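Student: Turn this into a model:
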Amino acid sequence: MRPGIALIGRLVCLLAGLWIAGAVVPAKAATTERIVVNRFTGTAIEGFDPVAYFVDGVAMQGTAEFEANLWGAVWRFRNEGNRASFLAHPEIYGPQFGGYDPADIARGVTIAGNPYFFAIVAQRLYLFSREANRDAFVANPERFLYEVRKRWPALREQLGQ
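Tutor: Below you'll find the predicted structure:
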């Protein structure tokens, strides 16, 4: 065998081994925290303004000009008024269950909600991983919240480890 071909073969094996090893070692994902944050930017709910869901009824991006740090996350807002409202009442404006999908929590798993799939129920913001989860939740929130309240404490504790 020619030396150049042997070297290429070794490199291919080395790269394949590194790729497999990298696939086995879990990376720290945003969903290992009690609040869903973007692991690269540290922003909660992908930089969407949590107050805008209530005020405007739609998902709207916040800006770096109006930020606040709370619960280990960076929250972005469209204006100073929304920022002030959030800081005065984060328990109301912040997404429930740290931004995790309550329909998934009811099934015993934590999956980050998507800022575009949301619902406001009983003056609280909920984010969902899928549109179907949101629709099912809105149709019968009491059923889901009963299950979520049973499962969330243990799941939340696991997220903090």
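
Student: low pLDDT regions in the protein?
Tutor: The chain contains residues with pLDDT under 70 at 1-32, 160-161.

Student: How are the strands of it distributed by residue range?
Tutor: Secondary structure of the chain by DSSP state E: the strands cover 63-70, 73-77, 114-121, 124-128.

Student: Format those as CSV; extra columns: mean neighbour count and distance to residue 45.
Tutor: Just so you know, the C-beta spots here come from the backbone N, C-alpha and C atoms, and that holds for glycine as well. Shown next, in CSV, are the strands of the chain (neighbours: other Cβ atoms under 10 Å; distance: least, Cβ to Cβ, whole Å):
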stretch, mean neighbour count, distance to residue 45
strand 63-70, 13, 12
strand 73-77, 23, 8
strand 114-121, 17, 5
strand 124-128, 24, 7
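
Student: surely residue 50 meets residue 96?
Tutor: No: Residue 50 is beyond contact range of residue 96, at 10.7 Å (criterion: Cβ atoms under 8 Å).

Student: So between the two, which is more surrounded?
Tutor: Taking other Cβ atoms under 10 Å, residue 50 and residue 96 do not tie; residue 50 has more neighbours (27 against 20).

Student: Tell me how many other residues surround the residue nearest to that one when sequence neighbours are not counted.
Tutor: Excluding the flanking residues, the one nearest residue 50 by Cβ to Cβ, 6 or more residues apart in numbering is residue 93, at 4.7 Å. Residue 93: 23 surrounding residues under other Cβ under 10 Å.

Student: So residue 93 sits against residue 83, correct?
Tutor: No: the criterion here is Cβ under 8 Å, and residue 93 misses it with residue 83 at 10.2 Å.

Student: thinking again about what came up before, what touches both of residue 50 and residue 96?
Tutor: residue 125 (Cβ atoms under 8 Å, 6 or more residues apart in numbering).

Student: So for residue 40, which of the strands of the chain sits nearest?
Tutor: Closest to residue 40 of the strands of the chain is strand 73-77 (Cβ to Cβ; 11.5 Å).

Student: quick check: angle from the closest one to strand 63-70?
Tutor: Inter-element angle recorded for strand 73-77 and strand 63-70: 140 degrees (by axes from the mean of the first three to the mean of the last three Cα atoms, to 10 degrees).

Student: Distance to residue 136 added to the strands of the chain, as JSON lines?
Tutor: Output for the strands of the chain, formatted as JSON lines (distance: least, Cβ to Cβ, whole Å):
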{"stretch": "strand 63-70", "distance to residue 136": "30"}
{"stretch": "strand 73-77", "distance to residue 136": "27"}
{"stretch": "strand 114-121", "distance to residue 136": "11"}
{"stretch": "strand 124-128", "distance to residue 136": "9"}
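
Student: Alright, I will stop here.
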